[in-house]
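Engineer: Pasting a predicted model and its sequence here:
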Amino acid sequence: MMRALTVKHLAAAVAAVSVLAQAAMPTSASAQAAGAAAASVNYLSEGVAAVVNDSIISTYDLRQRMLLLIVTSGMQPTADSLGQIERESLRSLVDEALEMQELHRVEKEQKFTIIAKDEDIDRQIGRMAQENRATAQQMVSSLAASGVNPETLRAQIRAEISWQRWINGRYGSRLRIGDDQIESALARQNAAAAKPQFLVSEIFIEATRVGGAENAMRGANQLIGQLQQGAPFASVARQFSAAATSATGGDTGWVTGEELQPVLLQALEQLRPGQLSQPIPVTDGVYILALREKRAGASATLVDLKQAAIRLTATATDADVAAAQSKLSALKPLIKDCSNMESAAATVSGVIAGDLGESEIKDLAPAFRDAAEKLNVGQISDPIRTQVGLHLIAVCAKRQDGGRVPTKEDMENRLVGQQLAMIAKRYLRDLRNAATIETR
């Protein structure tokens, strides 16, 4: 979601207003006052910037979006950056025009409402203002003071909310992430916890989106220049990155080397926390990475367990063991997870349940250790025989040196989010390929 306006960015916005306003004036005096930066946008007179099917994007729309991008990204408008800001603004306007055309078509055909209403926009603006410790009115006033028509922000928010609502509504309920996919992802996460990890933010400039590898590299260098001058990484990522992480300001979370392309890992290994990489070319574009933190792999896995058990001595007869086995096997399907283990156990005579607390896996008894290593959070073991009884154990939580291992539900939500992001990207690409787009 777009970053709200802060006082820090007003200076950049006001400077941009001056440059762009003067660029639209035909007098030689104004060109001299605007300088080199204004010269790069002198052609932006009132008119048509692009036609997307039957929708017109005016040069006024384009200038307004450029100002909004400057305000929300914290970038300084310079002769070098204005061209990049203009291209990204126009691309965003074209994409939003395609999205809104598709949504209007779907609404007309299927007779239900998708497009966000004014009250939806108001709520989002309120949340954005609250994040910046301001009121919605203060935020709108700040936009107006920097030359941005608040309707420019509202139009962008409307497209974003509506498109996300349509993608989630159409595809979210249809996606099925299998247990094998979730368990495989959890297993990779658990294995990764023992290896060196990097907390990374990323910006990805997609070559096909900006007109080729050369433009991608040029754009990445310009963004690095802006970041080095103080533009907030998260704000720049939201506006310029083609990666799915753009929605979270480029935040990838903690990653291991196995999750990265070799060239990206090589770049990260040369950085210290707080440093920014140089442009990193890959097959389909250019990355910029910021290393926020680095940590060694976890040396210990801690697990929080509960059990339901039947007391049996080491000399119990085979018949007693079989009877206990039958009771616990019947009990297991009744246990949803740790939350209802005690209540479920209370329904079966002879079964006692209790909390085993948190321990390092390596310190557990061998029979329990094997189960704790294999089970994911929320899973229940088969009956386990020990010298003192027969046990079902449930894994309530796992963590690595203070880091929490995701639950099955966490991982499922993460995988669904990744799939929806890919679907949305393909959908928009298909709309672009089928559209008639003319830029002036």
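Structural biologist: Arrived safely, thanks for sending.

Engineer: Can you name the next helix or strand after the helix or strand bottoming out on mean pLDDT in the chain?
Structural biologist: When the helices and strands of the chain are scored by mean pLDDT, DSSP states H and E, helix 28-39 comes last with a mean of 34. If you walk from helix 28-39 toward the C-terminus, the next helix or strand you reach (DSSP states H and E) is strand 48-52.

Engineer: and the one helix or strand Ala319 maps to, what does it pack onto?
Structural biologist: Assessed by DSSP H and E, Ala319 sits inside helix 318-331. The contact analysis (3 or more Cβ pairs under 8 Å, 6 or more residues apart in numbering; DSSP states H and E) places helix 318-331 against strand 301-311, strand 389-400. (C-beta placed from N, C-alpha, C; glycine too.)

Engineer: Pull the contacting residues for Arg272.
Structural biologist: By Cβ atoms under 8 Å, 6 or more residues apart in numbering, the residues touching Arg272 are Leu291.

Engineer: That one falls within a helix, correct?
Structural biologist: No: the assignment for Arg272, made by DSSP: H, G, I helix; E, B strand; the rest coil, is coil rather than a helix.

Engineer: Let me see the backbone angles for it.
Structural biologist: Phi and psi for Arg272, reported as degrees, to the nearest 10, are phi -100, psi 150.

Engineer: low-scoring stretches of the stretch 51-200 of the chain, by residue?
Structural biologist: 192-194 (pLDDT under 70).

Engineer: so how far is stretch 323-330 from its chain's centroid?
Structural biologist: 45 Å (Cα atoms, centre = their mean, to the nearest Å).

Engineer: avg pLDDT for stretch 353-360?
Structural biologist: For stretch 353-360, mean pLDDT rounds to 89.

Engineer: now the strands for the protein?
Structural biologist: 48-52, 55-58, 197-206, 251-256, 280-282, 285-295, 301-311, 352-360, 384-385, 389-400, 403-404, 437-439 (DSSP state E).

Engineer: In terms of mean pLDDT, which of the ones you listed ranks lowest?
Structural biologist: strand 403-404 (a mean of 56).

Engineer: Any idea which of the helices and strands packed on helix 318-331 gets closest to Gln101?
Structural biologist: strand 389-400 (47.4 Å; Cβ to Cβ).

Engineer: okay, the angle between that closest one and strand 301-311?
Structural biologist: 170 degrees (axes from the mean of the first three to the mean of the last three Cα atoms, to 10 degrees).

Engineer: buried ones in strand 389-400?
Structural biologist: 389-396, 398-400 (16 or more other Cβ atoms under 10 Å).

Engineer: what does stretch 264-279 give?
Structural biologist: Across stretch 264-279, burial judged by 16+ other Cβ under 10 Å covers 264-265, 267-268, 271, 276-277, 279.

Engineer: what is the rounded mean pLDDT of it?
Structural biologist: Mean predicted confidence for stretch 264-279 is 94.

Engineer: Span of that stretch from start to end?
Structural biologist: Distance across stretch 264-279, first residue to last, is 10 Å (Cα to Cα, to the nearest Å).

Engineer: related to what we said a few turns ago, narrow the buried residues of stretch 264-279 to those in helices?
Structural biologist: Residues of the buried residues of stretch 264-279 located in helices (DSSP state H): 264-265, 267-268.

Engineer: would a markdown table of those residues with distance to Asp95 be doable?
Structural biologist: Listed next are those as a markdown table, based on distance: Cβ to Cβ, whole Å:
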| residue | distance to Asp95 |
| --- | --- |
| Leu264 | 26 |
| Leu265 | 31 |
| Ala267 | 29 |
| Leu268 | 30 |
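
Engineer: wait, what's in contact with Gly225?
Structural biologist: Counting by Cβ under 8 Å, 6+ apart, Gly225 has contacts 80-81.

Engineer: hmm, back to that, rebuild the buried residues of strand 389-400 as TSV, extending it with distance to Ser201.
Structural biologist: Listed next are those as TSV, based on distance: Cβ to Cβ, whole Å:
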residue	distance to Ser201
Gly389	51
Leu390	50
His391	45
Leu392	43
Ile393	39
Ala394	37
Val395	32
Cys396	32
Lys398	27
Arg399	24
Gln400	22
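
Engineer: what would the helices and strands packed on helix 318-331 look like in JSON lines with distance to Ala244?
Structural biologist: Compiled in JSON lines, the helices and strands packed on helix 318-331 are given as follows (distance: least, Cβ to Cβ, whole Å):
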{"stretch": "strand 301-311", "distance to Ala244": "29"}
{"stretch": "strand 389-400", "distance to Ala244": "25"}
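
Engineer: Which one of the ones you listed lies nearest to Ala237?
Structural biologist: strand 389-400 (27.4 Å).

Engineer: packing partners for the closest one?
Structural biologist: Other elements packing on strand 389-400 under the criterion 3+ Cβ pairs under 8 Å, 6+ apart are strand 301-311, helix 318-331, helix 366-374, strand 384-385.

Engineer: which of the ones you listed is buried the deepest?
Structural biologist: strand 301-311 (a mean of 21; mean count of other Cβ atoms under 10 Å).

Engineer: returning to that earlier point: for the strands of the chain, could you give me a markdown table that also reports distance to Arg426?
Structural biologist: Listed next are the strands of the chain as a markdown table, based on distance: least, Cβ to Cβ, whole Å:
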| stretch | distance to Arg426 |
| --- | --- |
| strand 48-52 | 19 |
| strand 55-58 | 22 |
| strand 197-206 | 14 |
| strand 251-256 | 21 |
| strand 280-282 | 20 |
| strand 285-295 | 17 |
| strand 301-311 | 38 |
| strand 352-360 | 44 |
| strand 384-385 | 47 |
| strand 389-400 | 35 |
| strand 403-404 | 32 |
| strand 437-439 | 18 |
